[in-house]
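Engineer: just need the structure, nothing else, for what follows:
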Amino acid sequence: MKKKNIFGFSLIELLVVVAIIGALAAIGTLSYSGYTSSAKKSAATNTMQTIGLMQAEYYSLTGSYYGSGCPPTDETVEGITQDLFDTTDDVIDSEHYLFCVVTDDSESYIVKACEGDKDGTACKTGASILELNAKGAKTNW
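Structural biologist: Residues are numbered from 1 along each chain as shown. Reported below is the predicted structural model:
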């Protein structure tokens, strides 16, 4: 009897390996996009808490809370940076999120954030707005 020497892979084996690699790549891409969006949301939460701390300092100096007006836009972020943080540096550096502050008769405030559009000048259409009130309670998450 002659033994047959087989070198290489068959076409079926190669197709199965490519299909498995494609499925793993698809799952990995979806997981990665989920991780990046949650990291951006976490950075926005941290920025909102920083704005809340600066509100406490602003209140101790002026006797009222700072209000930038809403909805969140690029201009409200610049106003918060200049008026609340008293600087022109890029203090609010939460990637892809825009912020604003709403006050109620100078007794309390709500910090709002939303994911910005591609230009970074306004909220994305249909984007959910994150809110943090003066007591530190998160709403609309």
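Engineer: for the protein, which helix is longest?
Structural biologist: Using DSSP state H, we find that the single longest helix of the chain is helix 11-62.
Engineer: that helix - contacts with which helices or strands?
Structural biologist: With contacts defined as 3 or more CB pairs under 8 Å, 6 or more residues apart in numbering; DSSP states H and E, helix 11-62 has these neighbours: strand 97-104, strand 108-115, strand 129-133. (Each C-beta comes from the backbone N, C-alpha and C, glycine too.)
Engineer: is it possible to export those to a markdown table including mean neighbour count and mean pLDDT?
Structural biologist: Output for these, formatted as a markdown table (neighbours: other CB atoms under 10 Å; pLDDT from 0 to 100):
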| stretch | mean neighbour count | mean pLDDT |
| --- | --- | --- |
| strand 97-104 | 22 | 89 |
| strand 108-115 | 22 | 90 |
| strand 129-133 | 19 | 87 |
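Engineer: would TSV of those strands with distance to Ser64 be doable?
Structural biologist: Formatted as TSV, the helices and strands packed on helix 11-62 follow (distance: least, CB to CB, whole Å):
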stretch	distance to Ser64
strand 97-104	8
strand 108-115	10
strand 129-133	16
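Engineer: from Ala25, how far out is the residue nearest to Ser108 when sequence neighbours are not counted?
Structural biologist: Distances taken as CB to CB, 6 or more residues apart in numbering put Ala134 closest to Ser108, at 4.2 Å, once the chain neighbours are dropped. Remark: distance between Ala134 and Ala25 (CB to CB, to the nearest Å) = 46 Å.
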